[in-house]
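Chemist: Please work out how this folds:
(one chain, ligands or ions: 1)
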Amino acid sequence: MEWTRESRYTKMEDVSQEDLEILKNKVDASPWRQSYHIQPETGLLNDPNGFSYFNGEYHLFYQWFPLGPVHGLKYWYHTKSEDLVHWENVGVGITPGDYFDSHGAYSGSAIEHDDKLYLMYTGNTRDENWVRHPYQCLAVMGKDGSILKASPAIDEVPEGYTDHFRDPKVWKEDDRFWSVIGAQRTDETGCVVLYSSTDLIHWQFEGELKTKLDSFGYMWECPDYFEQDGHGVLIFSPQGIEPQDDSYQNIYQSGYLLGKPLNLDDRLFEHKEFNELDCGFDFYAPQTMEDPSGRRILVGWMGLPEIEYPTDEHGWAHCLTIPRELTVKGNKLIQQPIHELAILRGKEEKATGILRDETRTFEGFNGVTYEMISEFDNVDASEFGVEIRTGETERTVISYDDAARKVVVDRSESGEAFAEKYGTTRKCKVESGKIKFHLFVDVSSVELFVNDGEEVFTCRIFPGEGSDGIRFFAKEGTARFEAVKWDFQAEMGKGSEANGHAV
Ligand code: FRU
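Modeler: Got it, this is the predicted structure:
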């Protein structure tokens, strides 16, 4: 189907049940449906929204266009979980269509107040000349799960900024509520602005966050500010950054500034340089929340805007990443898969040995949905690592290039090709004599945590169903390795509910 400007703004309620059913059947028959990642039942998923803990459960919404794999009229879709691993599909959370969100309920966040969950999001509107005007909106969720919209909280863009003004992220500090909003200055550079409120209803414009990045891309989307281990952390997704060495290879970036806690009086944020959050191919617009035990947990969109993916022709696109716990070490954010994911571990396999200029397979080491940790040391090989999802002609290669001291992920032979114009390898410097690859593999994705979360590579891949092999290798020398793998298949057997994709 060809999507026009008009058809992209079709409302779900204007489509017949029969047509929705046809689309659903098409998606259900699609190869590459994930098994333990949050994914849309139909259509396109993008940013995680409203990530929170409320009334004894985790809530995670996402940007959703139900009718096809394109960026159309965005809804908030609601999922919830007791353990951050098994997600229940609740249904539509916010339906667009009011004067303040006529062209989409865009991204935003959630905060608990007075026994209710306040959802603050951007209402996207367009006038008859297709000129956009954003509102910052409120919807309130009660303990019974019902969500009601309130009047918009902020209905104007302040002087000095364009209508690219969106994605409020709210937190509470010093008895006040604060919200960062992604913005574009009238000179077409990106930045983040700050608002404050005492009641979440009335908001006051405080001004721009003062960072050292005066001219860093043309728009900063999805800002998120929090404090972690005594540091201030500002996450955002800048657009318009040119590739530089191994960095900034994707169409748009996502990264963070680490610094002293933000001074809320003068909005000064003293920080170190910008770092990307993820070295992989498919990661954007992440959002964090603080859970009841004080952990800072991040979920990202495992996808990017303006890129066609192989699932498009099957009526759906994208998924969310697994949740990651954030901590600070030195000048870096460390990202670790949340420990709860161990619930999914089924059958365990182990392998160990010395690889001498060879590629080896091991009994039990195969699959399409698993967690695997492999550690390499005593290395004098020029290159070593693991190939996953291998088949007759397919493989995804995760390696360490010893001379360059870089981890390399190569998806040039992973399966169905896409986004090749942005390159088929991603690299990142990792200085260490010991290399640990911690992998989460699902039907069409790989998330790689290197050396206990020092670097992460998030990648979609689209291999054939039968490409389920795993091979360890060392080139031009030896490498000692030890690997353990847990099948996630066993859990999938528990039925769709267990996978969070109940329909
Ligand atoms: C980021 C983004 C946000 C916006 C949303 C719309 O991917 O462009 O800035 O709110 O997606 O779906």
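Chemist: Please count neighbours and contacts with C-alpha atoms only from this point.
Modeler: OK.
Chemist: Packing partners of the top strand by length along the chain?
Modeler: Taking DSSP state E as the criterion, the chain has its longest strand at strand 469-487. Contacts defined by 3 or more Cα pairs under 8 Å, 6 or more residues apart in numbering; DSSP states H and E place strand 469-487 against strand 348-360, strand 370-377, strand 383-390.
Chemist: mind putting those in a markdown table, mean neighbour count and mean pLDDT included?
Modeler: Output for those, formatted as a markdown table (neighbours: other Cα atoms under 10 Å; pLDDT from 0 to 100):
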| stretch | mean neighbour count | mean pLDDT |
| --- | --- | --- |
| strand 348-360 | 16 | 97 |
| strand 370-377 | 21 | 97 |
| strand 383-390 | 25 | 98 |
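Chemist: Work out for me the element residue 408 sits within.
Modeler: strand 406-410 (DSSP states H and E).
Chemist: I should have written residue 138 there, sorry.
Modeler: strand 132-141.
Chemist: which strands and helices sit next to the following helix or strand past the strand holding residue 408?
Modeler: The first helix or strand that comes after strand 406-410 along the chain, using DSSP H and E, is strand 425-429. In terms of contacts (3+ Cα pairs under 8 Å, 6+ apart), strand 425-429 is packed against strand 406-410.
Chemist: now the strand it packs on and strand 383-390, what's the angle there?
Modeler: In terms of direction (axes from the mean of the first three to the mean of the last three Cα atoms, to 10 degrees), strand 406-410 departs from strand 383-390 by 20 degrees.
Chemist: show me what contacts the single nearest residue of the stretch 301-450 of the chain relative to the ligand?
Modeler: Per Cα to the nearest ligand atom, residue 305 is where the stretch 301-450 of the chain lies closest to the ligand, at 6.3 Å. Counting by Cα atoms under 8 Å, 6 or more residues apart in numbering, residue 305 touches 251-252.
Chemist: next one: residue 122
Modeler: Residues near residue 122 by Cα under 8 Å, 6+ apart: 101, 105-108, 134-137, 166-168.
Chemist: CA atoms of the strand holding residue 408 as CSV?
Modeler: What follows is strand 406-410, C-alpha atoms only, in CSV (Å, rounded to 0.1, in the frame of the first residue of the first chain):
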residue,chain,number,x,y,z
LYS,A,406,38.1,-2.3,18.7
VAL,A,407,35.0,-4.3,19.0
VAL,A,408,33.4,-4.8,15.6
VAL,A,409,29.9,-5.8,14.8
ASP,A,410,29.4,-6.8,11.1
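Chemist: Work out the gap between the top helix by length along the chain and the centre of the chain.
Modeler: Using DSSP state H, we find that the single longest helix of the chain is helix 17-28. Computed by Cα atoms, centre = their mean, to the nearest Å, the chain-centroid distance of helix 17-28 equals 26 Å.
Chemist: Dump the C-alpha coordinates for it into PDB.
Modeler: Presented in PDB, the C-alpha positions along helix 17-28 are these (Å, rounded to 0.1, in the frame of the first residue of the first chain):
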ATOM      1  CA  GLN A  17     -12.700  -4.400  12.100                       C
ATOM      2  CA  GLU A  18     -12.400  -6.600   9.000                       C
ATOM      3  CA  ASP A  19      -9.500  -4.500   7.600                       C
ATOM      4  CA  LEU A  20      -7.800  -4.500  11.000                       C
ATOM      5  CA  GLU A  21      -8.100  -8.200  11.200                       C
ATOM      6  CA  ILE A  22      -6.600  -8.600   7.800                       C
ATOM      7  CA  LEU A  23      -3.600  -6.500   8.800                       C
ATOM      8  CA  LYS A  24      -3.300  -8.500  12.100                       C
ATOM      9  CA  ASN A  25      -3.200 -11.800  10.300                       C
ATOM     10  CA  LYS A  26      -0.600 -10.500   7.900                       C
ATOM     11  CA  VAL A  27       1.600  -9.400  10.900                       C
ATOM     12  CA  ASP A  28       1.000 -12.700  12.700                       C
END
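Chemist: export the helix or strand following that helix as CSV, just CAs?
Modeler: Downstream of helix 17-28, the first helix or strand assigned by DSSP H and E is strand 43-54. The C-alpha trace of strand 43-54 is given here as CSV (Å, rounded to 0.1, in the frame of the first residue of the first chain):
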residue,chain,number,x,y,z
GLY,A,43,1.9,-1.0,12.4
LEU,A,44,4.8,1.0,13.7
LEU,A,45,6.3,1.4,17.2
ASN,A,46,8.7,4.1,18.0
ASP,A,47,9.8,6.0,21.2
PRO,A,48,9.2,4.5,24.7
ASN,A,49,7.0,6.8,26.6
GLY,A,50,5.7,7.3,30.2
PHE,A,51,8.1,4.7,31.6
SER,A,52,7.1,4.5,35.3
TYR,A,53,6.2,2.5,38.4
PHE,A,54,2.7,3.1,39.7
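Chemist: Strand 43-54 - contacts with which helices or strands?
Modeler: strand 57-65, strand 105-113, strand 116-126, strand 284-290, strand 296-301, strand 316-317.
Chemist: Would you point to the one among those that's packed deepest?
Modeler: Counting by mean count of other Cα atoms under 10 Å, strand 316-317 has the highest mean neighbour count of those, with a mean of 28.
Chemist: Check which helices and strands that one is in contact with.
Modeler: Right, strand 316-317 is packed against strand 43-54 by 3+ Cα pairs under 8 Å, 6+ apart.
Chemist: roughly how far is the strand it packs on from the heart of the chain?
Modeler: 10 Å.
Chemist: Repeat that for stretch 289-301.
Modeler: For stretch 289-301 - counting by Cα atoms, centre = their mean - the centre lies 13 Å from the chain centre.
Chemist: ditto for stretch 461-472
Modeler: Taking mean C-alpha positions (Cα atoms, centre = their mean), stretch 461-472 and its chain are 23 Å apart.
Chemist: That one: end-to-end distance?
Modeler: 19 Å (Cα to Cα, to the nearest Å).
Chemist: Identify the residues contacting residue 274.
Modeler: 255-258.
Chemist: which of those lies closest to residue 282?
Modeler: Nearest to residue 282 out of the contacts of residue 274 is residue 255 (Cα to Cα; 13.3 Å).
Chemist: about what we covered before: would you mind giving the helices and strands packed on strand 469-487 as CSV with distance to the ligand added?
Modeler: Output for the helices and strands packed on strand 469-487, formatted as CSV (distance: least, Cα to the nearest ligand atom, whole Å):
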stretch, distance to the ligand
strand 348-360, 37
strand 370-377, 28
strand 383-390, 29
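Chemist: Check which strands are paired with the helix or strand encompassing residue 449 and give the direction for each one.
Modeler: Assigned by DSSP H and E, residue 449 falls within strand 445-450. Note on strand 445-450: by DSSP bridges, its sheet partners are strand 435-442 (antiparallel), strand 455-460 (antiparallel).
Chemist: which outside residues touch it?
Modeler: For strand 445-450, using Cα under 8 Å, 6+ apart, the contacting residues are 321, 335-337, 435-441, 455-462.
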